Each structure stands twice: as C-alpha cells, then as structure tokens.
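>>> build me a model:
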Amino acid sequence: MRLDELCSFMPRAADPEQVVALHDMRIAAKRLRYILELTAACFGPYAEKAGKLAKDVQDLLGEIHDCDVQIPETEAFAGRLLAEDAETLRVAAGDAPDLDPGLLAQAPHAREHAGVAALLAHLRARRELLFGRFLELWDELERKGFRARLEFAVAERPGEVHISGPR
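The predicted structure follows:
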C-alpha cells in the first residue's frame, strides 16, 4: 500500500509546478521508509536497500519543499520592502508634481533589495537544480526496477526471522 501510494504521484510530480504533489510524494516516501525500517528484516536485503532509496527520495523532495516554502516567503518580504520604500518616497515627495529621482537616496531599504534579489535567484536556481536531480533519481529507480523488486521482496518472505535479545 505504501509503495503504491509513493508511485501514484508520478507522472504528476514530474511537473515542477505541482508543488503539492511533490510535497505529498515526500510524505509517501517517508511512510514507505518508516515501514521498511520496521519490517526489512522480514523481507530480505532488498527491502533494507529500498528503505534507503525511499530515504533518498524523501530527503531530495524535502530540500525541494524547503525551496517551495522559502521562495514565496522571500518574495513577500521583498514586496514589503518595496512597499515601505515606495511609501517613504511618496511622503518625501510631499506636494511635488512628480517624484524627484534624487529622493531614491532616502529609500530605507535600498541596500537590502540587491541581497533579497540575489537570495531569490539562489533559491529559484537551487530548486530547479534539485528538481532535475529528483527526476534523474526517479528515472534511475524506475530503470533499476525499484517497484518490481520491492514487490517481489515483500512477496518472497525469506523464512523465519529470529530476533536475539533478552526474553
């Protein structure tokens, strides 16, 4: 069920605009990972490896999600700075018929605009790079038969598992 849930997000999650699908796929990867961490010993070595692969998917999608959260927050912050500067300049213009470009020196956030713009460029570029890596990782998992191999491992229980320790 957890494997089906994870795989159900494709091909929707292959669209970089599908932010919710990507985030939900991350949650599905986490659920699959957790169940595999608990049960891998019952299903053989590939189940343990699949848990690590699910963690790789989860981690990468988590980094993408961080960008998806930070980009709009940074854009909103930039908007607030612009609005404050515009209001300051409007007030500084007073009754003038037009805004004197020399008043730009009075914009309280003039220095911050470049930093915020650079941060936005970084976040957008990072998100694009990480999304490309996600597509490569998913293609590799499909090429190597991740789903089929895990389904086989779960169906072919390797025998009785003995857990050592105090009784």
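>>> which neighbouring elements make contact with the longest helix seen in the chain?
Using DSSP state H, we find that the single longest helix of the chain is helix 45-93. Under the contact criterion of 3 or more Cβ pairs under 8 Å, 6 or more residues apart in numbering; DSSP states H and E, helix 45-93 touches helix 19-43, helix 110-143, helix 146-155. C-beta coordinates here come from the backbone N, C-alpha and C atoms, glycine included.
>>> that helix to helix 19-43, inter-axis angle?
Orientation of helix 45-93 against helix 19-43 (axes from the mean of the first three to the mean of the last three Cα atoms, to 10 degrees) gives an angle of 160 degrees.
>>> what about helix 45-93, distance to the chain center?
Relative to its parent chain, helix 45-93 has a centroid offset of 9 Å by Cα atoms, centre = their mean, to the nearest Å.
>>> kindly report the same for stretch 26-38.
Stretch 26-38 has its C-alpha centroid displaced from the chain centroid by 16 Å (Cα atoms, centre = their mean).
>>> just stretch 20-35 next, same as before
11 Å.
>>> pLDDT of that stretch, averaged?
Mean pLDDT, computed over stretch 20-35, is 97.
>>> next, the buried residues of that stretch.
Using 16 or more other Cβ atoms under 10 Å as the test for burial, stretch 20-35 gives 21-33, 35.
>>> okay but residue 33 is in contact with residue 47, surely?
No - look at residue 33 against residue 47 with Cβ atoms under 8 Å: they stay out of range, at 11.1 Å.
>>> pLDDT weak spots in this protein?
Residue ranges of the chain with pLDDT under 70: 157-167.
>>> ok, the buried residues of stretch 20-35 vs residue 84, which is closest?
residue 23 (31.7 Å; Cβ to Cβ).
>>> state the distance from the nearest residue to the closest one once chain neighbours are set aside to residue 58.
Counting by Cβ to Cβ, 6 or more residues apart in numbering, residue 23 lies nearest to residue 65, which is 5.2 Å off, once chain neighbours are set aside. Using Cβ to Cβ, to the nearest Å, residue 65 is found at 10 Å from residue 58.
>>> any residues in contact with both of the two?
residue 26 (Cβ atoms under 8 Å, 6 or more residues apart in numbering).
>>> quick revisit: mind putting the buried residues of stretch 20-35 into CSV with distance to residue 51?
Listed next are these as CSV, based on distance: Cβ to Cβ, whole Å:
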residue, distance to residue 51
21, 22
22, 21
23, 21
24, 20
25, 16
26, 15
27, 16
28, 14
29, 10
30, 11
31, 11
32, 8
33, 5
35, 8
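>>> which residues touch residue 124?
Residue 124 sits in contact with 67, 71, where contact means Cβ under 8 Å, 6+ apart.
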